[in-house]
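> 3D, please:
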Amino acid sequence: MPNTAGSESKSELVYRELRSRIISGRYVAGYRLVLDQVAREMGVSPVPVREAIRRLEAERLVTFTRNVGAEVASINVGDYANAMETLAYIEGAATALAAPHLSARQLQDATDTNDHMRSLAKGNFDPRLFTDLNQKFHRQLCITCPNEHMKELLDLEWDRVAIIRRNTFAFEPVRSQTSVGEHDHILGLISSGAPAGEVEMAARKHKLRTLRAFVEDRPSA
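Alright, predicted model coming up:
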């Protein structure tokens, strides 16, 4: 009988590696994932590669077309709008749930990240670094959320937004300074022990403002 456990382990390794390459931008939209080629590169049979690609297809990171094969999915601005709207509600709730469990050290780490963002917004602005720090900040605020299922959903949407921002747009300096100020407000609410509803609403509105700013900045058709 085949070693099922070994196959699952190899499939997981291939899945994580391919996913990492897509999220990081190493594999861009349209990049073809040839089973035999990936299998040879990673030293496995085509079976775990096929399983990994099916998982990525389920996450809408890969598409499979007859006579073409598997390729990295193209994610458009409509996907970004949907992902941001989803994040606004899930991340708002997760931030509120996580707030009472954040230690002083964890809260300080998030504050330090936001201060780093502030220095970029006021100095030599680096949109790619600012975007990465922004995602880090929100992950830091949600890290203690006790709802693991919610955190899994957040990870999927955060990664989807990261891909779109990397390939489509990045923060602009003006919105960046406003975003840092909104982060300050959220941090202040958490530090003062504000009611969960206030924290959730502040985090939700912050995401929706970012989405609105993006839509308003898009050129008309």
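> Doesn't residue 185 belong to a strand?
No. Counting by DSSP: H, G, I helix; E, B strand; the rest coil, residue 185 is not part of a strand but helix.
> Could I get the contacting residues of it?
residue 202 (CB atoms under 8 Å, 6 or more residues apart in numbering). Heads up, the C-betas are built off the backbone N, CA and C, glycines and all.
> Now do the same for residue 71: helix, strand or coil?
The three-state label given to residue 71 by three-state DSSP is strand.
> what's it in contact with, if anything?
Residue 71 touches 30, 31, 32, 33, 62, 63, 65, counting by CB under 8 Å, 6+ apart.
> Top of those by number of neighbours, please.
In terms of neighbours by other CB atoms under 10 Å, the contacts of residue 71 top out with residue 62 at 22 neighbours.
> ok, and the closest non-adjacent residue to that one?
residue 56 (4.0 Å; CB to CB, 6 or more residues apart in numbering).
> burial of the one you found, as a residue count?
Neighbourhood size, residue 56 [other CB under 10 Å]: 21.
> just checking, it touches residue 16?
No. If you go by CB atoms under 8 Å, residue 56 and residue 16 don't touch, sitting 10.5 Å apart.
> Show me the contact partners of the lowest-mean-pLDDT helix or strand in the chain.
In the chain, the helix or strand scored least confidently by mean pLDDT, DSSP states H and E is helix 4-24, which has a mean of 80. By CB under 8 Å, 6+ apart, the residues outside helix 4-24 that reach it are 27, 33, 38, 42, 44-45, 47-49, 51-53, 55-56, 59, 61-62, 72, 159, 162-163.
> And the furthest pair within the contacts of residue 71?
31 and 65 (13.6 Å; CB to CB).
> Mind pulling the model confidence for the most centrally placed residue in the chain?
The geometric centre of the chain, computed from its C-alpha atoms, lies nearest to residue 158 (CA atoms, centre = their mean), at 1.8 Å. We have a pLDDT of 88 for residue 158.
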